[in-house]
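Participant: Dropping a prediction and its sequence here:
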Amino acid sequence: MVARVSQRDVLAWVERYAATMLREDLVTELTEVVTAELAAEVPEVAADIGIRRDLDVSTHDLLWSYLVQAAKDPQADMTFPPAAVELARTLAVRGHDVSLLLRMYRVGQRVFWARLMRIVTDRIEDSELRMAVLQFLWERVSRALERNVDLLVDTHTEESERRLRGALVRRTETVHAILRGEPIDVSAASEQLGHDLLRHQTALVLWARESAAEPDPSEQLESLAGEAASALGCSRPLAVRSSARVVWAWLVGGGELPLDRLRELDALRRSDSLRIAAGTPARGLEGFRASHREALRTQRVAAASVRDEPVTCYRDVELLSCLSADDDAMRTMVRRSLGGLGGHGGPGGHGRSASRGRSGGHGRSASRGGPASRAGLAGHGEAVARLRATALAYLEAGGARAAASALGVHKNTVLYRLRQVEDLLGHPIDKDPLRLHLALLLADHYGPRALQ
């Protein structure tokens, strides 16, 4: 059966209708109908006068362009006018996601098509021609949106990224101004940063080790900062990128935070390359600076530590940080405190071990006179490391029995090792316990770096 309606009939009707509609009053009337219905379905449009104005202009220009093209060449592809592109830019400027842009065009297409169907139905009595015209117009409307949606999305994305870069630059500049101690309006800075600078601040330094698979893990680190804030019951953190592998963050809280919870973060369990250093809480702008300085010191300690813990808190390494600020001074102190007869010397210059009196006079040191005696407890190898661990446990626990419990060995084993320790030192372990304790802590935390 041959169709009565030809393509020429359809194009002729579209051209005639478009020509009759190309009047400003008619286009304005149709624009008002479309935008009113669209605004009713998209509340974000009705709530913002600027968006509504740009929508009116964009809809008017889209309808006018569509009619002009339909009157001249109904089959030609349609290019969206500049006003439609500017609407996409306006949405980005207002901070709306691209999903709102796409929703507006889906709703707009539906509203416009419903209006167009009523017009065609009222004006065409021939059912076959009516159907053919509707099919043609639907294909034209759909193809026009499909061809131009990428342009709209690209425009929105470009503007969003440009504004985001500008906002990030301003935020980073404000943070650095605070850290430099420059005079600053606290209220204005708090508003700009979206961060209450008057309350207690707990600074974090988050970084990825060199083994991290991603070349730029900064987004992962920012996400980790957000997870940390949530775990500690804080609002969204203030986070700025220090580099591609380091993010600085600040948490607002009422005071001391339960930082131990950071060790349970899922992100740290999933990745063995992410690390967190935390300062102690302090109030206001000075607290913002002080806690950050502590977090940086904590990062320095953690990055150099042989323990390689995923979370390190300044409260746990404050003493180590102070003692290791100067590497040369630290190594000299460790060498003098842990070195043997050739380095430090014992009471009276003889190096007699007081442990013999404690243990009944047994256990002549096999190390006396050899290389180990000159290195003392500052030597390398598993055996001397075990002796350092025993001495540290003894000093921290306050006795041989408690040290044995902490180490999981027999008390006599501890006593035997302590005799070896005193033989290596060349003096009693209790001669200068504070100095020895600090040196052992440094050796335990920094390993070869402290023992060189």
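Facilitator: Arrived safely, thanks for sending.
Participant: would you list every one of the strands in the stretch 101-250 of the chain?
Facilitator: Here the stretch 101-250 of the chain has its strands, by DSSP state E, counting those that start in this stretch, at 200-208, 238-243, 246-253.
Participant: TSV for those strands, including mean pLDDT?
Facilitator: Shown next, in TSV, are the strands of the stretch 101-250 of the chain (pLDDT from 0 to 100):
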stretch	mean pLDDT
strand 200-208	95
strand 238-243	90
strand 246-253	94
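Participant: For the closest residue to residue 115 other than its chain neighbours, give its distance to residue 96.
Facilitator: Nearest non-adjacent residue to residue 115, counting by CB to CB, 6 or more residues apart in numbering: residue 33, 6.3 Å away. C-beta here means a position set from N, CA and C on the backbone, and glycine is covered the same way. Applying CB to CB, to the nearest Å, the value for residue 33 to residue 96 is 24 Å.
Participant: quick one, which of those two is more surrounded?
Facilitator: residue 96 (20 against 14; other CB atoms under 10 Å).
Participant: Just say helix, strand or coil for that one.
Facilitator: coil (DSSP: H, G, I helix; E, B strand; the rest coil).
Participant: got a list of what it touches?
Facilitator: Contacts for residue 96 (CB atoms under 8 Å, 6 or more residues apart in numbering) come out as residue 44.
Participant: repeat for the one 3 residues further on
Facilitator: For residue 99, the contact set (CB under 8 Å, 6+ apart) is empty.
Participant: Surely residue 123 and residue 20 touch.
Facilitator: No - counting by CB atoms under 8 Å, residue 123 does not reach residue 20; the two are 9.7 Å apart.
Participant: now for the helix or strand that contains residue 421, which elements pack on it?
Facilitator: Assigned by DSSP states H and E, residue 421 belongs to helix 411-425. Secondary-structure packing of helix 411-425 (3 or more CB pairs under 8 Å, 6 or more residues apart in numbering; DSSP states H and E): helix 355-359, helix 371-375, helix 382-397, helix 400-407.
Participant: Just put those in a markdown table and tack on mean neighbour count, mean pLDDT and distance to residue 139.
Facilitator: Formatted as a markdown table, the helices and strands packed on helix 411-425 follow (neighbours: other CB atoms under 10 Å; pLDDT from 0 to 100; distance: least, CB to CB, whole Å):
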| stretch | mean neighbour count | mean pLDDT | distance to residue 139 |
| --- | --- | --- | --- |
| helix 355-359 | 17 | 40 | 96 |
| helix 371-375 | 18 | 56 | 87 |
| helix 382-397 | 19 | 91 | 79 |
| helix 400-407 | 18 | 91 | 80 |
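Participant: Between those, which one is closest to residue 140.
Facilitator: Of all the helices and strands packed on helix 411-425, it is helix 382-397 that lies closest to residue 140, at 80.1 Å by CB to CB.
Participant: could you give the angle of the closest one to helix 411-425?
Facilitator: Relative orientation of helix 382-397 and helix 411-425, computed by axes from the mean of the first three to the mean of the last three CA atoms, to 10 degrees: 110 degrees.
Participant: quick one: helix 382-397 to helix 400-407, angle?
Facilitator: Using the same axes, to 10 degrees: helix 382-397 against helix 400-407 is 120 degrees.
Participant: Now do helix 382-397: which elements does it pack against?
Facilitator: helix 400-407, helix 411-425, helix 433-446.
Participant: what's the most buried one of these?
Facilitator: By mean neighbour count, with neighbours taken as mean count of other CB atoms under 10 Å, helix 411-425 ranks first of the helices and strands packed on helix 382-397 at a mean of 22.
Participant: Now do the same contact list for residue 307.
Facilitator: residue 445.
Participant: Just read off the phi/psi values of it.
Facilitator: phi -80, psi -30 (degrees, to the nearest 10).
Participant: measure it to residue 193 for me?
Facilitator: 34 Å.
Participant: And for residue 242?
Facilitator: For residue 242, the distance to residue 193 equals 16 Å [CB to CB].
Participant: cool, residue 397 as well?
Facilitator: 47 Å.
Participant: what's the answer for residue 97, then?
Facilitator: 22 Å.
Participant: between these two, who's got more neighbours?
Facilitator: residue 193 (17 against 12).
Participant: Quick check: the more buried one touching residue 176?
Facilitator: No - judged on CB under 8 Å, residue 193 makes no contact with residue 176 at a distance of 11.9 Å.
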